[in-house]
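Visitor: this one's sequence-less:
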């Protein structure tokens with residue numbers, strides 16, 4: 001009696017993928033993970049990107065705006081060829097809870113395979129690059145001065161009796177909420193490294 005074929009170790013994930021080129025709409029592609037690498041088709045090109053040539057993985061949170069949930073991005077860099085950017089959002093950057101679940105499953109599966117196959121040659125980073133983060137801090141400090149001054153002005157108007165409590169509480173809450181959003185953007189985007197056995201889940205999509 002002929003033995004049954006061994007089950008395939010391939011897993012397929014449909015997500016939005018880019019190669020770093022600027023575009024308004026991100027292409028949707030099927031990513032196939034195996035123990036050897038990641039296969040996909042993008043802009044008419046297809047093939048297997050070997051894990052042996054993978055040099056870096058960067059996981060970062062993507063800010064969708066004060067009233068939007070956080071998204072996430074996985075950047076995969078190789079020793080040759082363009083990087084691969086895998087998004088948790090839809091083609092137009094819109095949140096999709098089901099797609100978030102697929103993205104998390106893809107990231108977890110990817111790291112399981114990398115750890116099992118040996119990941120000493122791969123750099124694992126979280127957050128945005130250091131230069132961009134320093135720029136973000138500078139912008140946050142400027143915003144803190146501007147909106148902090150606006151908050152003090154609103155508070156002075158209220159304390160001086162020129163406006164009632166209910167007239168100033170709304171602007172103060174709004175300014176405070178915007179300040180918290182800026183602070184959380186700086187904190188959540190902070191660069192660093194991580195252990196592939198312990199994923200930085202604070203940068204995962206909400």
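Guide: That came in fine, so what should we check first? Just so you know, these numbers come straight off a predicted model, no measurement behind them.
Visitor: Go ahead and confirm residue 183 touches residue 141.
Guide: No: contact criterion Cβ atoms under 8 Å: residue 183 and residue 141 do not qualify, at 11.0 Å. Using the backbone N, CA and C atoms, a C-beta is placed for each residue, glycine as well.
Visitor: Excluding residues flanking it in the chain, which one is nearest residue 191?
Guide: Spatial nearest neighbour of residue 191, excluding adjacent residues (Cβ to Cβ, 6 or more residues apart in numbering): residue 127 at 4.0 Å.
Visitor: what's the answer for residue 68, then?
Guide: Nearest to residue 68 is residue 95, by Cβ to Cβ, 6+ apart, at 6.5 Å.
Visitor: List the residues that contact the closest residue to residue 202 other than its chain neighbours.
Guide: Using Cβ to Cβ, 6+ apart and skipping the chain neighbours, the partner closest in space to residue 202 is residue 188 (6.6 Å). The contact partners of residue 188, by Cβ atoms under 8 Å, 6 or more residues apart in numbering, come to 61, 63, 70, 127, 202, 203.
Visitor: Same check on residue 80?
Guide: So residue 80 contacts residue 53 (Cβ under 8 Å, 6+ apart).
Visitor: For the protein, just list every one of the helices.
Guide: With helices called from DSSP state H, the chain shows them at 97-117, 130-159, 165-188.
Visitor: can I get those helices in TSV with distance to residue 90 and mean pLDDT?
Guide: Shown next, in TSV, are the helices of the chain (distance: least, Cβ to Cβ, whole Å; pLDDT from 0 to 100):
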stretch	distance to residue 90	mean pLDDT
helix 97-117	6	94
helix 130-159	24	81
helix 165-188	21	76
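Visitor: ranking the ones you listed by burial, who's on top?
Guide: The highest average neighbour count among the helices of the chain, using mean count of other Cβ atoms under 10 Å, belongs to helix 97-117 at a mean of 16.
Visitor: didn't residue 13 look like it was pressed against residue 105?
Guide: Yes: using Cβ under 8 Å, residue 13 makes contact with residue 105 at a distance of 6.8 Å.
Visitor: picking that back up, so which of the helices of the chain is nearest residue 21?
Guide: Taking Cβ to Cβ, helix 130-159 is the member of those nearest to residue 21, at 18.3 Å.
Visitor: Tell me which other helices or strands that closest one touches.
Guide: Counting contacts by 3 or more Cβ pairs under 8 Å, 6 or more residues apart in numbering; DSSP states H and E, helix 130-159 is packed against helix 165-188.
Visitor: got the angle between the helix it packs on and helix 130-159?
Guide: Per axes from the mean of the first three to the mean of the last three Cα atoms, to 10 degrees, the angle that helix 165-188 makes with helix 130-159 is 170 degrees.
Visitor: Could you tell me how many residues sit around residue 48?
Guide: 12 (other Cβ atoms under 10 Å).
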